[in-house]
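Peer 1: pasted the sequence and its predicted model underneath.
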Amino acid sequence: MIRGFNEMKLVQYLDEDLIIPDLTARTKSEALAELISPLASKYAFIDEGSVIMHDAFINANAKIGKNCIINTKAIIEHDVIIEDNCHISTGAIINGGTIVRKNSFIGSNAMAKEYIEIKENSFVKGGSVVI
């Protein structure tokens, strides 16, 4: 896992360390780079295989499942639970206490109201407001 990366280090890491010629001998999570933005709270839980991109903000007591992507400038507020295999796109805001069930996609600049549940396998269109 890389914590506090920048583009120069990321490119070097990808070039030198992530060339895996035989993916058949590895599990899916072993083949993924785990990148964590320096804006992720040390009091948040981020599971294996998840990527928290640069300038994404993860607040205290948030829980991010396995193999998730939290894209650039996304905001994940306190007490949010994002289950496995979710993609939170650029600039999306997930407000406090919300649960995003597994295999869901939240589009760019979408916003989820606090203390709601987004069901499993959901697709939230970019720019939407979920209330």
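Peer 2: Ah, there it is.
Peer 1: give me the spatial nearest neighbour of Glu77, chain neighbours excluded.
Peer 2: Distance criterion C-beta to C-beta, 6 or more residues apart in numbering; nearest residue to Glu77, sequence neighbours excluded, is Gly96 at 4.2 Å. Heads up, the C-betas are built off the backbone N, CA and C, glycines and all.
Peer 1: neighbours around that neighbour, how many?
Peer 2: Neighbours of Gly96 under the rule other C-beta atoms under 10 Å: 15.
Peer 1: ok, it - contacts?
Peer 2: Neighbour list for Gly96: 59, 77-80, 114-115 [criterion: C-beta atoms under 8 Å, 6 or more residues apart in numbering].
Peer 1: how far away is it from Ile46?
Peer 2: 17 Å (C-beta to C-beta, to the nearest Å).
Peer 1: and what of Glu114?
Peer 2: The value you get for Glu114 to Ile46, if C-beta to C-beta is used, is 21 Å.
Peer 1: neighbour count: the two, which is higher?
Peer 2: Each of Glu114 and Ile46 has its neighbours counted (other C-beta under 10 Å); Ile46 has more, 25 against 14.
Peer 1: hang on, isn't that one packed against Ile58?
Peer 2: Yes. With contact defined as C-beta atoms under 8 Å, Ile46 and Ile58 form a contacting pair (7.2 Å).
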